[in-house]
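S.K.: please find the sequence and the predicted model below.
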Amino acid sequence: MTVSTQGLELKSGSRPLRAAVELLSSMRFSISLLTVICIASVIGTVLKQHEPSTNYVNQFGPFWAEVFAAVSLYSVYSAWWFLLILAFLVTSTSLCIARNTPKILTDLRTYKENIREQSLKAFGHRAQAELNETPEVAAKRIGQMLVTGGWKVKLQQRDAPGARGWMVAAKAGAANKIGYIAAHSAIVLVCLGGLLDGDLVVRAQMWFNGKTVYSGGGMIADVKPEHRLSDRNPTFRGNLLVTEGTRSSTAILSQSDGILLQELPFAVELKKFFVEYYSTGMPKLFASDIIIHDIQTGEQIPARVEVNHPASYKGVEIYQSSFDDGGSTVKLKALPMNAATKPFEVEGVIGGSSQLTNGNDKLTIEYTGLRVINVENFAGNGVAGVDVRKVDLRESINSRLGAANKAGAKKELRNVGPSISYKLRDAAGQAREYHNYMLPVDMGDGAPVFLMGLRDSPAEPFRYLRVPADDKGTPEEFFRLRAALSDPVVRDLAVQRYVARAVDPSRPDLNKPLAASASRALALFAGAEAGVDGKAVGGLQAIADFMETNVPEGERARAGEVLIRILNGALYELAQLTRERVGLQPFEANEKTQGFMTQAVLALSDAQVYPAPMVLQLADFTHVQASVFQVARAPGKNIVYLGCALLILGVFAMLYIRERRLWVWLAPIDGTVDGRATATMALSTNRKTMDGDREFERLKSRLIGIKEE
């Protein structure tokens, strides 16, 4: 039997109806729908689903973000068109099964023993021979041999005039046809399981039970009942965030335009959250010790939830999804970027905010994240030089081949300690994001530095201001130097000290020009003088602009070296002066001091364009962790498992089991007295293979005595 790709053909009804039914029940329509489902699933896998709309705008731009949202690409698996295609696929495949199954079952029961002798001669595998035995004896012998070989056999005796003899009809590999039914039934079961475990039931409650999506803010307890789903909801999949020492019984179901709240028949209390890290800083293991509180009975069930080891209660699976900050408290020290602001401390909670006043401006600090572990790669990216006399081919090949995670560059991973992320939002609502490390980081190129990052939008990488650490491991030395640089009186004192140290007492005529040059250099560097466009620039950029405007091009290199040397000397005296004023010993002239001052000059230059009036350094914190669970009631899971098992069996049966049918027609030879018979043998198989050819050669040798060629 050949499975037809045509659909059901109705004998009555209008022509469009008959055409629609034929198309819906045809195999070509099912394959087309399956192709569309696969393409949509690829899109849903590649494109992150249910992300905030701003993320998609940053990734694709306003126009395409709106186009993709219009066709629900951000929620593919719950989109109306995806569910509709899935429903059509179930209907079409079910009709295909219903149309072909009776034919398959009928074909499995029949041996096709009524085939004519002339028809056997048209088969590709055919053979004829004369046997020294009667047709009846030969038929029984051949039938017995086939039965012992695993064939199902039926013998038929024919007494019709001109067609007297025995027909041996045998078949094997009938499971190939069962594989067709199993594979197509698997598609139906998997799709049904997907419909049951998808958003179809939730959507139905929104359509018929008056449930609506909630898009506001506030406390969960204040959300109205029309945004909540009952704990008897037969299927759902949502997220549950529980902080250490607290419990929660309401899961959040993300929708494209908001959320729905799912009530659970129990509350989950998080006793302790554990996390272990690889050397790369990636989580190796995170697990939660929880207590499940039954809301009706008050029973308490302790459990441990790990990745790939969920807990289950009342038909709801509790999976370890991820972890988050549970409201850690942080203490930040505000370090002023100018002398007008005094240092102060501020406390907050991750996820919360604080109000600040900067003169007439109002600023809001939004505490966005606390990371207690930051593992960074400090391996050098550049190559100092290459010895052309050494070409190690083996090493070169090994660095590019091997495991997928193998890289040619060596890694030097170090944990640089905690960091704080926050946003400073002005009264107009504009915000910049900052990321500051708590401890100084040794970058390997001089003094340890405090990394103070900022970016204008989430789509940009962080840009870091590198503030050198003093001998006590704090940034206070730098900020004292920064404040002194902004004070013209202190700058003049530093210039006087620099001139007194730099000029030979025998050349008093050099005091005045050197003092003027040093004062001008410090003023330009501090941003105290207007630039080319009338605005104060400051930093090394101001020095470069001054040289380009006032010094001929041929003399700029030499003049620049002199001016930078004067600037460095004056800044060194400025630093010495600030240390004396706070009662510290002067700097010693050594490499450590040189490294600090070199980095300080670069940081002072970059600080001129730092957009905030202060830097918030993490001074102390109390880390509180939270666990993010995925809670799911999935009645279609077992259906999907059954469908997967049937799909494996069906594909295996269709690919590796060959259906074969064998006929041997045994007829007496007219005019013989010793009862001899002629044998006409034919073999039919659903696939023409070399195995089929070899099997036919063996069968005709064993059954009718024709030797293999």
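M.R.: Perfect, thanks for sending it.

S.K.: hey, let's count contacts and neighbours off CA atoms from now on
M.R.: Noted.

S.K.: helix or strand with the lowest mean pLDDT in the protein?
M.R.: Every helix and strand of the chain was ranked by mean pLDDT, DSSP states H and E. The lowest is helix 393-398, at a mean of 50.

S.K.: longest helix of the chain?
M.R.: Secondary structure of the chain per DSSP state H: the longest helix is helix 80-109.

S.K.: helices or strands up against that one?
M.R.: Packing partners of helix 80-109 (3 or more C-alpha pairs under 8 Å, 6 or more residues apart in numbering; DSSP states H and E): helix 15-24, helix 27-46, helix 175-197.

S.K.: could you find the closest non-adjacent residue to Ile295?
M.R.: Phe266 (5.1 Å; C-alpha to C-alpha, 6 or more residues apart in numbering).

S.K.: tell me which element that neighbour falls in.
M.R.: strand 258-277 (DSSP states H and E).

S.K.: following that strand, which helix or strand comes up?
M.R.: Next along the chain from strand 258-277, counting by DSSP H and E, comes strand 283-294.

S.K.: tell me which residues of that next one come out buried.
M.R.: Neighbour-count burial for strand 283-294, counted by 16 or more other C-alpha atoms under 10 Å, picks out Phe286, Ala287, Ser288, Asp289, Ile290, Ile291, Ile292, His293, Asp294.

S.K.: can you show me the CA trace of the strand holding Phe266 as CSV?
M.R.: Provided in CSV are the C-alpha atoms of strand 258-277 (Å, rounded to 0.1, in the frame of the first residue of the first chain):
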residue,chain,number,x,y,z
GLY,A,258,2.0,43.4,31.2
ILE,A,259,1.7,40.6,33.8
LEU,A,260,-0.9,38.3,35.3
LEU,A,261,-0.7,37.1,38.9
GLN,A,262,-1.0,33.3,39.5
GLU,A,263,-2.1,32.3,43.0
LEU,A,264,-0.5,29.1,44.3
PRO,A,265,-2.0,26.5,46.6
PHE,A,266,1.1,26.8,48.8
ALA,A,267,3.7,29.4,49.9
VAL,A,268,7.4,29.0,49.3
GLU,A,269,9.8,30.1,52.1
LEU,A,270,13.5,30.5,51.3
LYS,A,271,15.6,29.5,54.2
LYS,A,272,19.0,29.7,52.5
PHE,A,273,20.4,30.2,49.0
PHE,A,274,23.7,28.7,48.0
VAL,A,275,25.8,29.6,45.0
GLU,A,276,29.2,28.3,43.8
TYR,A,277,31.3,29.8,41.0
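
S.K.: now do it against strand 283-294, angle only.
M.R.: Put simply, strand 258-277 runs at 130 degrees to strand 283-294, going by axes from the mean of the first three to the mean of the last three C-alpha atoms, to 10 degrees.

S.K.: for strand 258-277, buried residues please.
M.R.: So for strand 258-277, counting by 16+ other C-alpha under 10 Å, buried means 259-273.

S.K.: show me where the stretch 401-550 of the chain has helices.
M.R.: Under the criterion DSSP state H, counting those that start in this stretch, helices of the stretch 401-550 of the chain are mapped to 476-485, 488-502, 511-526, 539-550.

S.K.: still on that earlier bit, so which of the buried residues of strand 283-294 sits lowest on pLDDT?
M.R.: By pLDDT, Phe286 ranks lowest within those, coming in at 84.

S.K.: any idea what that residue is bridged to?
M.R.: Val275 (DSSP bridges).

S.K.: excluding its backbone neighbours, what's nearest Arg497?
M.R.: Among residues not flanking Arg497 along the chain, Glu573 sits closest, at 6.6 Å (C-alpha to C-alpha, 6+ apart).

S.K.: phi and psi next, for the one you found.
M.R.: Per-residue torsions, Glu573: phi -70, psi -30 (degrees, to the nearest 10).

S.K.: what about it, neighbour count?
M.R.: Glu573 has 22 neighbours, counted by other C-alpha atoms under 10 Å.

S.K.: what's the answer for Met690, then?
M.R.: Using other C-alpha under 10 Å, Met690 is surrounded by 9 other residues.
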